[in-house]
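Participant: attaching a predicted model along with its sequence, questions to come.
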Amino acid sequence: MSKQILHIGIDDTDSPKGMCTTFLVYKIINRLKKENVDFLDFPNLVRFNPNIPWKTRGNGAVSLKISTNNPTKIKKLIKQYVTQYSDVKNGANPGLVFCQDGNIPEEFFKLSSDAMWKLIHRNEAKKILSKHNFDFFYLGNGQGLVGATSIIGYDFEDQTYELLSYRKTSHFGKKRSLDKHKVKQMQEKTYPNTFNSFDSKKNKLLLMPHGPDPVFFGIRGEDSQTLISASKMIQPKEKLDGYVIFKSNQGTNDHLKNEIDVNAFLPYTSGTLNGIVDSKPVITKGGHVLFTIFTQSKKIPCAVYKPTKITDVAKELIVGDKIKVGGGIRKATRTLPRILNLEFIQILKLEKKSKLVNPLCLKCKKRMKSKGKNQGFQCVRCKSTSSEKKSQLIPRYIKKQLYIPAVSAHRHLTKPTQRMNQKSKTETFNPNSGWVYNF
Ligand SMILES: [Zn+2]
């Protein structure tokens, strides 16, 4: 019997209390190694719209592409894994989708690109799965079907890689420890081919999670071989179980490709807008900055949150500045309307900032004094007069450039500065390249 392609999409098997869909895939990969299957690509880790309400941990789906001469057996095996390892009792709503013939219907591509920037209801996913007779499976309310279906139709335009290492079961939930100095050195040695492992400003590790999940560290970068050598430089004391390298859209700003529809201005959608600053930025008690921009005859309220540190930029904006912004729309609250939460500010044109000052006496080079309300100005030394104040330019402390959040406030999809003008490398998958490893 000839081998058939099997594309497997999995999402939402985890909960904030533990487990992790990437770890489930790591376990599945190790199990599949004992079967007669060929791996056709890196497992994919695709982050969809981060600005949706029920995802606290980054809205990521995972997929595998293999060939097998016994798809029925493999599908049964994977269903067992998803059932056994999904944290349904703590709120996981896993979805599992199998695409068997390698021909992906057009609707899957559409769903995938929509899932990148808006809210998709699980019934939409179920509808196209049933229509095209796909084999799928879910538990709980089946919300995971959205990611599991969307990842089947996902096409990479830009990609990065992440090496995720996993702990031994006996260490789950215990404190992680790594040598900061080694991570810092690794980052310096591998720059710009790895990113966001270490925050040198805060002297803080970024590559290590703190929760109870099985991940020990994750190194992000541009190609698998750099990640493998980077992982060797870290030398953790804890004996780990193994690692897998995922191909991902992390660090690509994938959710900010579309322009926001200002007329609908739908909550939970993501995108960008060009506009003109329309109100003086206000700093809230919590240190966040609020202002509005004017675009397509609409006033759009914008918010910049303090942890992003681009509040320092936002508070310097003045009415008339031309900017491009991007982010997600937050739903209205009791006291606030729908607001665009900014994930970057790009300054396109700075308005001249000026203030009115007392006129200068050109002879004495001194500022004149006011003679009283509406009575003009006079030089104290030579007595020459002038009727009105003069406008004086004030320097701007922001520049015509792109401002993105501080590294410590980056989300999975945030494109780091170093990747901005970089053309991403496409790496051919080599099944024997060490993309999965057990220590
Ligand atoms: Zn004078």
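Facilitator: Structure's in. What do you need? Numbers count the residues shown, from 1 in each chain.
Participant: only C-alpha atoms for contact and neighbour calcs from this point on.
Facilitator: Fine.
Participant: who's in contact with Asp12?
Facilitator: Contact analysis of Asp12 by CA atoms under 8 Å, 6 or more residues apart in numbering lists Thr21, Gly60, Ala61, Ala92, Asn93, Pro94, Gly95, Gln143, Gly144, Gly147.
Participant: out of those, which is nearest to the ion?
Facilitator: Nearest to the ion among the contacts of Asp12: Gly60, at 70.3 Å, using CA to the ion.
Participant: ok, and for stretch 80-96, which residues are buried?
Facilitator: Buried residues in stretch 80-96, defined by neighbour count with 16 or more other CA atoms under 10 Å: Tyr81, Val82, Tyr85, Ser86, Asp87, Val88, Gly91, Ala92, Asn93, Pro94, Gly95, Leu96.
Participant: for stretch 322-333, same thing?
Facilitator: Within stretch 322-333, the residues scored as buried using 16+ other CA under 10 Å are Lys322, Ile323, Lys324, Val325, Gly326, Gly327, Gly328, Ile329, Arg330, Lys331.
Participant: before we move on, the earlier item: which two from the contacts of Asp12 end up farthest apart in space?
Facilitator: The span of the contacts of Asp12, defined through CA to CA, is set by Thr21 and Gln143 at 14.2 Å.
Participant: okay, the contacts of Asp12 in TSV with distance to the ion, secondary structure and pLDDT next?
Facilitator: What follows is these, written out as TSV (distance: CA to the ion, whole Å; DSSP: H, G, I helix; E, B strand; the rest coil; pLDDT from 0 to 100):
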residue	distance to the ion	secondary structure	pLDDT
Thr21	77	helix	91
Gly60	70	strand	91
Ala61	74	strand	96
Ala92	78	coil	90
Asn93	79	coil	92
Pro94	80	coil	95
Gly95	81	strand	96
Gln143	77	coil	92
Gly144	77	helix	94
Gly147	74	helix	96
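Participant: burial count for the residue of the stretch 1-150 of the chain found nearest the ion?
Facilitator: The stretch 1-150 of the chain approaches the ion most closely through Asn51 (61.4 Å), counting by CA to the ion. Residues lying near Asn51 (other CA atoms under 10 Å) number 24.
Participant: what average pLDDT does stretch 335-348 get?
Facilitator: Averaging the model's pLDDT scores along stretch 335-348 yields 96.
Participant: mind listing what's buried in it?
Facilitator: Neighbour-count burial for stretch 335-348 flags Arg338, Ile339, Leu340, Asn341, Leu342, Glu343, Phe344, Ile345, Gln346, Ile347, Leu348 (criterion: 16+ other CA under 10 Å).
Participant: JSON lines for those residues, including secondary structure?
Facilitator: Shown next, in JSON lines, are the buried residues of stretch 335-348 (DSSP: H, G, I helix; E, B strand; the rest coil):
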{"residue": "Arg338", "secondary structure": "coil"}
{"residue": "Ile339", "secondary structure": "strand"}
{"residue": "Leu340", "secondary structure": "strand"}
{"residue": "Asn341", "secondary structure": "strand"}
{"residue": "Leu342", "secondary structure": "strand"}
{"residue": "Glu343", "secondary structure": "strand"}
{"residue": "Phe344", "secondary structure": "strand"}
{"residue": "Ile345", "secondary structure": "strand"}
{"residue": "Gln346", "secondary structure": "strand"}
{"residue": "Ile347", "secondary structure": "strand"}
{"residue": "Leu348", "secondary structure": "strand"}
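Participant: can you name the residues of the stretch 51-200 of the chain sitting close to the ion?
Facilitator: On the criterion CA under 5 Å from the ion, the ion has no neighbours in the stretch 51-200 of the chain.
Participant: mind checking pLDDT for Gly211?
Facilitator: In this prediction, Gly211 carries a pLDDT score of 85.
Participant: for the buried residues of stretch 322-333, which one is nearest the ion?
Facilitator: Nearest to the ion among the buried residues of stretch 322-333: Lys322, at 40.3 Å, using CA to the ion.
Participant: let me see the contact set for that closest one.
Facilitator: Going by CA under 8 Å, 6+ apart, Lys322 touches Asn274, Gly275, Ile276, Val277, Ile347, Leu348, Lys349, Leu350, Glu351.
Participant: now restrict those to buried residues only.
Facilitator: Neighbour-count burial (16+ other CA under 10 Å) is assigned, among these, to Asn274, Gly275, Ile276, Val277, Ile347, Leu348, Leu350.
Participant: and for the fourth one, nearest residue in space, chain neighbours not counted?
Facilitator: Think Val277. Spatial nearest neighbour of Val277, excluding adjacent residues (CA to CA, 6 or more residues apart in numbering): Ile293 at 4.4 Å.
Participant: and for the one you found, the neighbour number?
Facilitator: Using other CA under 10 Å, Ile293 is surrounded by 24 other residues.
Participant: next to the ion, which bits of the stretch 251-400 of the chain? Give me the list.
Facilitator: With CA under 5 Å from the ion as the criterion, the stretch 251-400 of the chain meets the ion at residues Cys361, Cys364, Cys379, Cys382.
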